[in-house]
Structures are given as C-alpha cells and as structure tokens.
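*Asks:* pasted the sequence and its predicted model underneath.
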Amino acid sequence: MCCFIKYINVILPISVQNLFTYRITEAEASFLKKGMRVAVPFGKSKIYTALVEEIHETAPTKYEVKDIFQILDEEPIVTEKQLLFWKWIAEYYMCTLGEVFRTAVPTAFILESETIVFKNHSFTEESMLNDNEFLVFEALTNASQLTIQEISKIISKKNCLPIIKSLLKKEAIKVKEEIFEQYKPKLVKYVRLSEKWESNEKLGELLDSLNQRAHKQREIVLTFFQLKTSGKPITAKTLQEKSGTSSAILKTLVDKGVFEIYHIQTDRVSFQPEEKEKIKELTEAQAEAFEKIVDSYKEKDITLFQGVTSSGKTEVYAKLIQRVIDAGKQVLYLVPEIALTTQLIERLQLYFGDQMTVFHSKYSVNERVEAWNHVLNKTEKSKLVIGVRNAVFLPYDNLGLIIIDESHESSYKQSLKAPYFHGRDAGIVLAKLFHAKTLLGSATPSLESSYNVEQQKYGFVPLTTRYQNILLPEIELIDIKEKYRKKRMNGHFSDRLLKMMEEALEEKEQIIIFQNRRGYAPILECKTCGNIPNCPNCDVSLTFHKHRKELRCHYCNYVQAVPHNCVACGSRELDTKGFGTEQIEMELEKLFPNHKIGRMDSDTTRKKYGFHTIISKFKAQEIDILVGTQMLVKGLDFDNVTLVGVLNADTMLNFPDFRAHEKSFQLLTQVAGRSGRFKKRGKVAIQTFNPYHQILQQVSTNAYNLMYKEQLHERWIFKYPPFYRVIKLTFKHRDYQKVEAGANWFAQGLRNGFQENVLGPTIPPISRVRNEYIRTIIVKIPPKQGIKGTKKYIQKMKNTFQAVAEFRPIKFIIDVDAY
Ligand code: ADP
Ligand code: ZN
Ligand code: ZN
C-alpha cells in the first residue's frame, strides 16, 4: 500500500478567521493526536504554538504547505469535548478559534516568537539544567528579558520552544502574562522546630543545650513552646514580637539547627484540611428546596434557584455537590470575579478539602497550569472546580452539575477582549455537552432567567426565608432633597442616617456604607472660569484622588499631579464636584473620630492580597465602618453588620443603559442583604433625591415579582432582551473622520438588511478612550428573525468592510448579547 502524505489543521493563537494546514511526516502522523500542540513557522520568521484540530490527507490548494517544526506534547492537552465547546463559542460570539484558544488555555501553553521571557530570581538549582537550558538561563542573567525569537538565535536552533517549556516546568524562568501576574505572591515566613527537638519532652534538654547567658535565645524557645500549644503554624513575625527578640536571634537558632524556616504562599490555596467538616444539617426550608431541585431535574436540565440573601444557598449547593460527587461525577461551581473570596473557598474547603481545585484570574501562570493539569489528569482534586468564568474552559471529563452562583451578575460577561462570552450562558452550553444539569442561583435573578422560567424552559425553586428565620432587613428611604433644603445634611450624610449609625455603633455593631464611585471626587472645577481638567487621551474628566494628590483617568489610567492653579486662568480657587469613596472615608473620620474606618474599592484592593486583608480586618471587627463600592456586596457574610447605608441611589438609576433599573434593583437588594444576617434584623438606609422612584419602592418592599413584570413590559415595548436579541458593533480609530466614515458605511449596509432594527452609529457617552474615537451600532434581532442568518449577514459585511483599504485600520469589535 502506498503511503499517504498527512496534513494537520491547526488553530493559531491569533485572530485570523481560518485554520492553517501544515505537513507532517509519517512518524509524526503516527504520534500526533488532536488536541496536542505543535510549534509551527508562520509568516516570514515567526514561531507559534498551534493546536492540532484535525489530521487528514488533503493538501491545501491556496498556499504552499510548510512542515511543522516540532511536536510539543506527548498527550493531548485539550480534549475533543473542549474543541466542540470552543467551536460553539467562536460561532456564537462571532470570534475566531484562535481568540478562543488564547482565552481558554493558560498563557504558558502558548509560547510564540514575541513572548517575553524573564529569569525567575528565586530559582537557584542550576544543577538541574542541561546545557542548552543553562545557556538560556545565563543569557537571561545578562539581559533582563528576551523574546523567544532572540533566544532562538542564542542557541542557534530554529525551534527552542521545548527548551523554554522545560525551563518553565523547572520554574527557572517566567513568561509575561497579564497585569495580575506582576504582583509577586506573598510568601509568609513560618518557624518550626527541627525534627530533633520536636517533642515537648525535649524542651528541657534543648534549654540546657543553650548557653546559660543566651537569655534571648532561651526566651524565643520558651515563647515558641507557648505558641505551639495552639496547634497553629507560627509565623516568624509573631514569634519575634511575642518574645521581644530580633531576627538576628532567630537566625542564630536556625543556624544552630534548632529552628527551621519554611514559607507558605498565603494565597495559593493549599488544601490540607485540618479537620474536614460535615456538611451542615439543612433547615427544613433548605431541605425542602434541596428536594425540589433534585426533583426538578427529573424534567428539566436547568433550574433557577431563587433564595433570598442569607437563606443559606451555599449550604444547599454543598449538599448538591456532595450528591454529584458521590455519584462519581464532577461539579463546576462558577462565581463572578468579585465573589470569589477566601470566605467562600474556606467554607467549601471545610466540606470538600482535597477534592477541590480553585481557578482564579489572579492566580499566576503556574497556579493556572496546575489547575489545568489536575482537571486534565482527572486527579482527586478535580471533583469540584470552583472558579470564575474562565473555568468553563478547563478540560473536564465527566461533568454532572454546573452551579452558577449570583447568576444575575453582569461581571460574568467578558468585556475587554474577544471572545465576549457570557460565563452563565457558556456554562449552560457546556453542561449540555456533558448532559449535565445546571443550577442558576440568585436572590435577584436576571430578567432573562426569570423569563425562561415563565416560558417553562427552566425549573424553578424558591427559598424565601433567611437562615434562622431572621427577617429581611428593614429598608428606609431617606429623601435628601428635603434634607438639603432643611439644612439637615452633614457632608453627604443626612441627620437620619447619622442617628442610625450612632445607634449601631453604640451597640458595638458594624456598618457598611455603599458608594459606587471611587476616588475623592469625579470632577475638579475652577471656581473662576469653570474649567475642568480632562484626560488628554479620553473624553472624560479626571478623577481627583486627594490622598495621593493625583488626578487620575479611570479609563486609561493616565495620572497627573493635582495642579495648584487652574491651567486655563491661573486661579487658585479649585473646587470639587461629586463624591467618591475616598471623600466619604475622610468625612467619616471627622464624624466618628473614635471609630475605625476602612475603605474597600479597586484602589485599596489592587494588590493580590488587598481584598483579603480588608475583609479579614472587617470580619475581626478591627474596622467599625467600612466604606466601599460594589466590591463589598457580593456573597460576603459578616455576622455583626446591622446597618447598611447607601449614600446616593440616584446615579445608578439614571445610568444610560436599558438594564439600569434591573441592575439597580439587584445591586441595592444585594447591598441591603449584607445587613442583619445573624441574631437580629438589620436596617438599611437608602438616601435619594427621588424616594418615589418605582425601583426604590420595589427594593424597599422586596417586590421582585413586581419589578420583573414592570421591567419585562418595558423591554417588550422598547424591543430589548429577552424578546429581541442585541448585537453591538464598536468601531475605534485615532482618526475622527475615518471612524465616522467607516461606521456610517457599515450602518448603511446593515440597514439594507435589517431596516429599523439598526440603531446608530451612535456616539457613546465616553466618545474617546486612549486617543481613539468610538462609534457604536446596535443591531436588534426580532424574535422571529433567524439568529444564524443575521450573524452570517454581519460576518459578510465585516469581510467586505475589512477588504476596503480605507477601513481596514479601524478596530472593529462584535459583541453578541451585548448586555
Ligand atoms: P446566601 O448565600 O443565601 O446569602 P449563606 O449560604 O451565605 O446565604 O448563609 C448565610 C449564613 O447562614 C452563613 O453564615 C451560613 O453558614 C449560615 N447557615 C445557612 N444555613 C445553615 C445551616 N443549615 N446550618 C448552619 N448554618 C447555616
Ligand atoms: Zn480657571
Ligand atoms: Zn484617559
């Protein structure tokens, strides 16, 4: 029999529409499988990591086929199911498979010519490296960073990816990832006794062995044994503080072989459950909900579980998870980015210990690779994966259930880069691929989910009582228009809110103050000429950060020092308008000088551990009043908070977005839900200029159903989801004329197909960001119009658009279900 020449189609991690074909040798063909990576040449001199999508015998006709450089894996790292899932994402969200590839796998898996490589400075075991690896390592010592292309030259091999791969595995180097990875994981230094001295009986002997005059050394040893009783790991810091000794003394004892130092990376969730806990006994109401959920799965694959805040949804989830694990299947527990707190992880860890893996976007390359490999290798740890939206991309084998917690959260939607997918919807599709069940949990479901219940597409299970039957908080609307008129405002606080705060503090209870804007003030205005400093790159005013004495752009991170004089007229009289968390924090420090004030927003939590630190402090009651943005409302559970204050509910209600009302209802209900979770009924004070607003009325009476009906009606009237679908097109370019012309051309073309269902081009509220002018077009798809056909039409127009030389440089973004 004649031998066939074999080819492979590969996915390149770039945004080209097509797959590319390469030739492989017979030996390679017998080894290669779909889902393995290969290094391939691309363009003039580039090297890419590509993923094998198909192995076949058809030569490409349009271009001359090249050979691959090398096979990079011994086994597939991506499963066939994943490839199916990727294809769905690419098709549904109108992006390329390359873009999905890029988002789906840890960056360390996709090395390419331009990947930047650094030396890992904590790596010391050079003896582990072979000759080539050492050569690269040494080169990195001299140059602080190199691209893969440069490394290729150094070792004069056309393909150096396997060497890079091996260096990465040995943790001798690092590759550049997104911004998060720039934060070094914090290593906490711990002290333990060396084995020789471990038992308590040895204490006497140990003390004898120390020089009688070495008081300090004896002190530190005695303190150590004191602390040891608690059974908890002892940090070097605590030991030194408690014993009143210096690090030099500790070092002496380490050198003498009495103590050993070890490190624990605080965030890298280590699962050595000290004692696994039994899942809590469900209350009657919870048990009933649990049974109903199980029941609903006899008929439906997807169930909406609407439990009020603090009803104990997590306990019900835990029970369901246990059930699925017992049946030998995997569970994926999805949470929105901000809700993935240590609190939640710790809770689940107590129940599931070594059976779980966490997947977080703040994890480093290695941590993510680790998580990926656990799932790929079907280890014990992959029974329960808890993670943010990207966790839908892990290589599952045997999913039985996907839980989507806080399923109404808009942060499930990826909004900064393609694929612009929605974690909830992708989760539902993933579950389908596995014939698994989906549970959508929320106290305030999105309209779409409730609509699907109404349409009987989803099952529905309510849980209306809080744990221990504590009543939902009492919500009071405070009319601040009136308060301002009567001069009963102190800064941004009404007399009523202040009184409630005093009462709570009197009782030694804690308070949360919600203000959904960070910084000191969004506007700095000249009192003389009215000039407002704007960002030079964007069409927005700069936010005033008083503490750092900076003006900052929240869109592009541009920073400048606060000017002393107005740049336009030179006047020294500068005034602020509006307010943010920083200003509120300062007001509170003046109003309550004897209480501890804390602040939680993206400025104070930027570091990898910032969030955790503030939460722990608040939990430990080291903070009495916590001011924060919406970061603090999600899934956090504090026992001692009995009052939540919302300083101004109006900005969110007036936000120009068709979902503003729905979102305000959800956000305010969630914020309110932080109050009075234990022991006694909590209070909530919402300050507003418009206390008769229907949404505020509905929030204060907990009238979800009424809100749902009213909003749904408006969606129908104004042709929005869930009735009409929405695709948003965005055009960006530095040249105003160009973007204008391009967007107009596109809109015209769309109108030929979809008439009045094309809105725009529109100038968005922020019309320029990072020096690029922006135009948007909305395409609405009526219920009866085919979605696939519509997308095809748009895709065709896009192809034509990009074939026009004049339009090609315009950045073009398609966002399907843009809401
Ligand atoms: P939700 O997610 O619905 O807001 P949680 O699951 O956070 O509510 O539960 C609120 C609090 O009540 C948690 O501290 C939880 O541990 C406690 N809790 C809920 N159900 C039980 C139960 N059956 N037994 C003991 N504690 C419970
Ligand atoms: Zn001025
Ligand atoms: Zn800017």
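*Replies:* That came in fine, so what should we check first? Ligands and ions are numbered 1, 2, ... in the order given.

*Asks:* once you drop chain neighbours, what's closest to residue 228?
*Replies:* residue 234 (6.9 Å; Cβ to Cβ, 6 or more residues apart in numbering). The C-beta positions use only the backbone N, C-alpha and C, and glycine is treated the same way.

*Asks:* beta partners for the one you found?
*Replies:* residue 191 (DSSP bridges).

*Asks:* roughly how far apart are residue 396 and ligand 3?
*Replies:* Here the criterion is Cβ to the ion, to the nearest Å. By it, residue 396 lies 40 Å from ligand 3.

*Asks:* ok, that residue touching residue 329?
*Replies:* No - look at residue 396 against residue 329 with Cβ atoms under 8 Å: they stay out of range, at 9.9 Å.

*Asks:* so the two - more neighbours on which side?
*Replies:* residue 396 (27 against 18; other Cβ atoms under 10 Å).

*Asks:* how much space separates the more buried one from residue 348?
*Replies:* Distance check for residue 396 against residue 348: by Cβ to Cβ, to the nearest Å, it reads 18 Å.

*Asks:* by residue count, which helix of this protein is the longest?
*Replies:* The longest helix of the chain (DSSP state H) is helix 736-754.

*Asks:* show me what it is packed up against.
*Replies:* Using 3 or more Cβ pairs under 8 Å, 6 or more residues apart in numbering; DSSP states H and E, the elements in contact with helix 736-754 are strand 725-733, strand 758-762, strand 772-781, helix 787-803.

*Asks:* one more time with 10 Å, if that's ok
*Replies:* strand 725-733, strand 758-762, strand 772-781, helix 787-803, strand 811-816 (3 or more Cβ pairs under 10 Å, 6 or more residues apart in numbering; DSSP states H and E).

*Asks:* export the ones you listed as CSV, with columns for distance to residue 433.
*Replies:* Listed next are those as CSV, based on distance: least, Cβ to Cβ, whole Å:
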stretch, distance to residue 433
strand 725-733, 22
strand 758-762, 34
strand 772-781, 25
helix 787-803, 19
strand 811-816, 19
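
*Asks:* let's have these in a markdown table, adding distance to ligand 2.
*Replies:* Formatted as a markdown table, the helices and strands packed on helix 736-754 follow (distance: least, Cβ to the ion, whole Å):
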| stretch | distance to ligand 2 |
| --- | --- |
| strand 725-733 | 32 |
| strand 758-762 | 32 |
| strand 772-781 | 27 |
| helix 787-803 | 44 |
| strand 811-816 | 36 |
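
*Asks:* would TSV of these with mean neighbour count be doable?
*Replies:* Shown next, in TSV, are those (neighbours: other Cβ atoms under 10 Å):
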stretch	mean neighbour count
strand 725-733	21
strand 758-762	19
strand 772-781	22
helix 787-803	15
strand 811-816	19
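
*Asks:* mean pLDDT added to those, as TSV?
*Replies:* Converted to TSV, the helices and strands packed on helix 736-754 look like this (pLDDT from 0 to 100):
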stretch	mean pLDDT
strand 725-733	96
strand 758-762	92
strand 772-781	95
helix 787-803	94
strand 811-816	95
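
*Asks:* okay, the ones you listed in JSON lines with distance to ligand 1 next?
*Replies:* Below are the helices and strands packed on helix 736-754 laid out as JSON lines (distance: least, Cβ to the nearest ligand atom, whole Å):
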{"stretch": "strand 725-733", "distance to ligand 1": "30"}
{"stretch": "strand 758-762", "distance to ligand 1": "38"}
{"stretch": "strand 772-781", "distance to ligand 1": "35"}
{"stretch": "helix 787-803", "distance to ligand 1": "34"}
{"stretch": "strand 811-816", "distance to ligand 1": "30"}
